[in-house]
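Chemist: Need coordinates for the below:
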Amino acid sequence: ELPVKTHSKIALVVRKEKDGVRRYVHLGTGNYNASTARLYTDIGLFTDDEAIADDASHLFNRLTGYAPETTYHRLLVAPEYLHSGLIGLIDNEIQAAKEGKPARLIFKMNQIEEDDVILKLYEASQAGVQIDLIVRGLCCLRPNVPGYSENIRVMSVVGRFLEHSRIYYFENAPEDQRLYCGSADLMRRNLLNRVETVFPIIDPINQKRIQRILFTSLLDNDGAWEL
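Modeler: Next up, the predicted model:
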C-alpha cells in the first residue's frame, strides 16, 4: 500500500473507572493546534458513545498495525469508505426528490473540487434537490447554470475568524445519518488519498446547535458573498 497522510482529528482515552473501563473520544474538524485555535472556527464532539468508541479503536488499530479489512459502524473514514458514503447519502436525496418529497443538501467546507461529487451534485440539482454550499475557498462547481445546476447556491462567509469547520446535512437521511462533521473537504486528496474521519451528530440538541450554525451562515447578509 502507498502511504497516505493522516488528516483525521481524533483522540481516544481509555480510562479505568469504578464501574469498569470506559472509552472517551474527541473528534474535531480542526487541528489540535493552540495557535490556529485562536484564529479558526471549528467544531468538536466529545463522547463516550460505545459505537463511536469502537470505531475509534478500530481506526487506531488500522493506523498503528496491519488491519486492511477494518470496517466502521458510525464513522465515515477515508480513503476506504468516505467517498462512497457521501455519494450514497446524496443518492438518497435524489431518490427522495424523484418521489416528490422535499429534498435538501447543505454542505459547509473549505474547498470543493472532487469531480465525482460535483457531478453527483449536478445530478441532484437536476432531480430537484435544493442544494446550499458554503465554501470558504476553492470551488470547482458552477452554480445557477440553467438546466444543469439552477438548484445549487454557492456562498462564502468572510468574517473575523477563518471558517474551517466541515458540516454535511442530508435532509432525508435516517436521523443518525442526517448531520455529519469532520476533517475532510470535498477534494480528491481528502476523499481518496488521506485518512479522514467524518462523524455523525446524533444527539437532537447537538443537531439543532449545528443546524443553527448552517442556517445562520445562509442568512448572512453582511459578511457573505454569493458565487
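
Chemist: Can you show me the helices along the chain?
Modeler: Ranges of helices in the chain, per DSSP state H, are 50-64, 82-98, 115-127, 188-192, 204-218.

Chemist: helices and strands around the shortest one, which ones?
Modeler: Think helix 188-192. For helix 188-192, the contact count by 3 or more Cβ pairs under 8 Å, 6 or more residues apart in numbering; DSSP states H and E identifies strand 76-78, helix 82-98 as packing neighbours. Placement of C-beta: from N, CA and C, glycine included.

Chemist: The last one too?
Modeler: Here helix 204-218 touches strand 104-109, strand 130-135, strand 152-157, strand 166-170, strand 179-182, going by 3+ Cβ pairs under 8 Å, 6+ apart.

Chemist: With residue 199 as the reference, name the closest of the helices and strands packed on helix 188-192.
Modeler: Using Cβ to Cβ as the criterion, the shortest distance between residue 199 and the helices and strands packed on helix 188-192 is 7.7 Å, found for strand 76-78.

Chemist: Out of the helices and strands packed on helix 188-192, which one sits most buried?
Modeler: Of all those, strand 76-78 has the most neighbours on average by mean count of other Cβ atoms under 10 Å, namely a mean of 25.

Chemist: any weak-confidence spans in the chain?
Modeler: In the predicted model, the chain carries pLDDT under 70 at residues 1-2.

Chemist: Report the beta-bridge partners for residue 5.
Modeler: residue 194 (DSSP bridges).

Chemist: Most tightly packed of the helices and strands packed on helix 204-218?
Modeler: Each of those was given a mean neighbour count from mean count of other Cβ under 10 Å, and the largest, a mean of 25, is that of strand 179-182.

Chemist: helices or strands up against that one?
Modeler: Using 3+ Cβ pairs under 8 Å, 6+ apart as the contact criterion, the neighbours of strand 179-182 among helices and strands are strand 166-170, strand 194-200, helix 204-218.

Chemist: what's the distance between residue 20 and residue 47?
Modeler: 17 Å (Cβ to Cβ, to the nearest Å).

Chemist: Which residue of the two possesses the greater neighbour count?
Modeler: In this comparison of residue 20 against residue 47, neighbours counted by other Cβ atoms under 10 Å, the higher total goes to residue 47 at 19 against 7.

Chemist: Can you name the residues that contact the residue lying closest to residue 37 once chain neighbours are set aside?
Modeler: Spatially, and ignoring its direct neighbours in sequence, residue 37 is nearest to residue 30 (7.1 Å; Cβ to Cβ, 6 or more residues apart in numbering). Contacts for residue 30 (Cβ atoms under 8 Å, 6 or more residues apart in numbering) come out as 9, 36, 37, 40, 42, 44, 164, 165, 183.
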